[in-house]
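Novice: Sequence first, predicted coordinates after that:
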Amino acid sequence: MSRWDVAVVGAGPAGSLAARELARRGASVILLERERIPRRKVCGGCLGPAALSTLARVGLQDLPMRLGAVPLSRMQLSTGGRSATLPLGGSVALSRSVLDEALTHAASAAGVTVVDGIRVRVRSIASDGVHLEPFAGASSPRHEKLDEIEASIVLDASGLGGSVTGHLPGQESACIALASRIGLGAGFLDPEPRADVEDLHMVVGSAGYVGIVRVEDGSLNVAAALNPERLRNSNPGKEIRTILDGTGIRLDGEPPHEWKGTPPLTRTPGSPSPDRVFRIGDAAGYVEPFTGEGMGWAFADALRVVPYVEQALKQWDPELGNSWERHQRDWTRSATRMCRAVAWGVRRPRLVHSTISLLRHAPRLASPFINHSARVPSLP
């Protein structure tokens, strides 16, 4: 059995950054990822001012540009042949496979032990720590010495639909919002590069919406949020091309890799976390985003949880877990208010049409939304 101060489950933005920051403060940390790194993720691939500010705060301000991130200056918002151009200064586009790999390397450089290709779950929780055990899919020889992992504290950063505690008594499945959309993503080669692809394109249709950006390798990152019922008798490519029809944006052929999907997007945890387990990132709940706010939320969670974990390592008190969940719930409610309003609005075609028509003549009316998306979170 190996013993750690902190075990972080999930090497996405929230998990990797939290692991790095805890290791920098002297904790022994193991970061466990169920897939092999690098891996593809369904994500819009946008890092906004809030996310970039958080990276700068922890000394990683040069990371995105060093990885070839593409600056984004404008958002082209379209529907039904109408479009409006909105300012979007301070954002960049970067694929999740490249970003996540770089974040795990940064965590490793800070002293974190990174193990990928391993699935774990909480087996039991005792007064002195949490026992994790590998299960199906963790048969690689490199994991023979990880038959069981013990940690004083566990950070559950396992993402949408992931849970390291789901089999424990009293741990219910997540509560999924009615009419929740699912996420779909793929990368497309761009044989005829266009100057305007350095913009963020958001296209709204009756079945959902699609976001397109050019990322560091010159390919087009396509991410969509679609109504799941539209896919029962169709396929992602067809539905997404239907939404893009009339915009002048073409996705020729099939993507080099098949479409990757997500569970329903908008959700909240079904039950409180057990003792010594802190949920962060998408595992703590998720609201359908529109222009990359999710990355900023994940990075903010990573930094906000650090003081709670440090205190828990000094002396565990069940109230720490309760306090973290209250703090996170209140912060998330405030941070996602605008996204909830936008998610409600894009489901109403007439409202979308009239809004875009108005924004064509008065783009400054979008300032409250743009400013809210760019707002730098208050962090400890």
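Specialist: Nice, I can see it. Numbers count the residues shown, from 1 in each chain.
Novice: Okay, now the unreliable bits of the stretch 101-250 of the chain?
Specialist: 136-146, 191-197 (pLDDT under 70).
Novice: ok, the closest residue in space to Leu265 that isn't next to it in sequence - how many residues close by?
Specialist: Residue nearest to Leu265 in three dimensions, not counting chain neighbours: Glu288, with 4.6 Å by C-beta to C-beta, 6 or more residues apart in numbering. C-beta: built from backbone N, CA, C; applies to glycine. Other residues within reach of Glu288, judged by other C-beta atoms under 10 Å, total 24.
Novice: Quick check: which element contains Glu288?
Specialist: Glu288 is part of no helix or strand when elements are defined by DSSP states H and E.
Novice: same question, Thr85
Specialist: Element membership of Thr85 [criterion: DSSP H and E] is strand 82-93.
Novice: Export that strand to PDB, keeping only CA atoms.
Specialist: C-alpha atoms of strand 82-93 as PDB (Å, rounded to 0.1, in the frame of the first residue of the first chain):
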ATOM      1  CA  ARG A  82     -28.000  36.300 -39.600                       C
ATOM      2  CA  SER A  83     -24.800  37.100 -37.800                       C
ATOM      3  CA  ALA A  84     -23.300  39.700 -35.500                       C
ATOM      4  CA  THR A  85     -19.600  40.400 -34.700                       C
ATOM      5  CA  LEU A  86     -18.700  40.900 -31.100                       C
ATOM      6  CA  PRO A  87     -15.400  41.900 -29.500                       C
ATOM      7  CA  LEU A  88     -13.600  39.100 -27.600                       C
ATOM      8  CA  GLY A  89     -10.200  40.500 -26.700                       C
ATOM      9  CA  GLY A  90      -8.000  38.600 -24.300                       C
ATOM     10  CA  SER A  91      -9.000  35.000 -25.200                       C
ATOM     11  CA  VAL A  92      -7.000  32.300 -26.900                       C
ATOM     12  CA  ALA A  93      -7.800  28.900 -28.400                       C
END
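Novice: Paired strands for that strand, with orientation please.
Specialist: strand 46-47 (antiparallel), strand 70-79 (antiparallel) (DSSP bridges).
Novice: wait, what's in contact with Leu52?
Specialist: Shown in contact with Leu52 (C-beta atoms under 8 Å, 6 or more residues apart in numbering): 61, 64, 90-92.
Novice: any idea how far Pro38 is from it?
Specialist: Per C-beta to C-beta, to the nearest Å, Leu52 is found 21 Å from Pro38.
Novice: Show me where the stretch 101-250 of the chain has its helices.
Specialist: For the stretch 101-250 of the chain, helices defined by DSSP state H, counting those that start in this stretch occupy the ranges 236-244.
Novice: which residues in it form strands?
Specialist: For the stretch 101-250 of the chain, the strands defined by DSSP state E, counting those that start in this stretch cover 113-116, 120-126, 129-134, 149-156, 175-176, 182-188, 200-205, 208-214, 220-226.
Novice: Sheet-wise, list the partners of the last one with their directions.
Specialist: Right, the one you point to is strand 220-226. When DSSP bridges is applied, strand 220-226 pairs with strand 182-188 (antiparallel), strand 208-214 (antiparallel).
Novice: Just the C-alpha atoms of it, please, in CSV.
Specialist: This file holds the C-alpha atoms of strand 220-226, laid out as CSV (Å, rounded to 0.1, in the frame of the first residue of the first chain):
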residue,chain,number,x,y,z
LEU,A,220,-10.6,23.3,-36.5
ASN,A,221,-11.8,22.4,-33.1
VAL,A,222,-15.6,21.7,-33.3
ALA,A,223,-17.6,21.5,-30.1
ALA,A,224,-21.4,21.3,-29.9
ALA,A,225,-24.2,21.1,-27.3
LEU,A,226,-27.1,19.2,-28.9
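Novice: what's next to it, contact-wise?
Specialist: 42-45, 93, 95, 181-190, 197, 207-215, 236, 239-240, 243, 251, 255, 265, 288.
Novice: Going through those, which ones are buried?
Specialist: 42-45, 93, 95, 181-188, 190, 197, 207-215, 236, 239-240, 243, 251, 255, 265, 288 (16 or more other C-beta atoms under 10 Å).
Novice: What distance do you get for the nearest residue to Val115 once chain neighbours are set aside to Leu94?
Specialist: Nearest residue to Val115, sequence neighbours excluded (C-beta to C-beta, 6+ apart): Leu32, at 5.5 Å. Per C-beta to C-beta, Leu32 is found 24 Å from Leu94.
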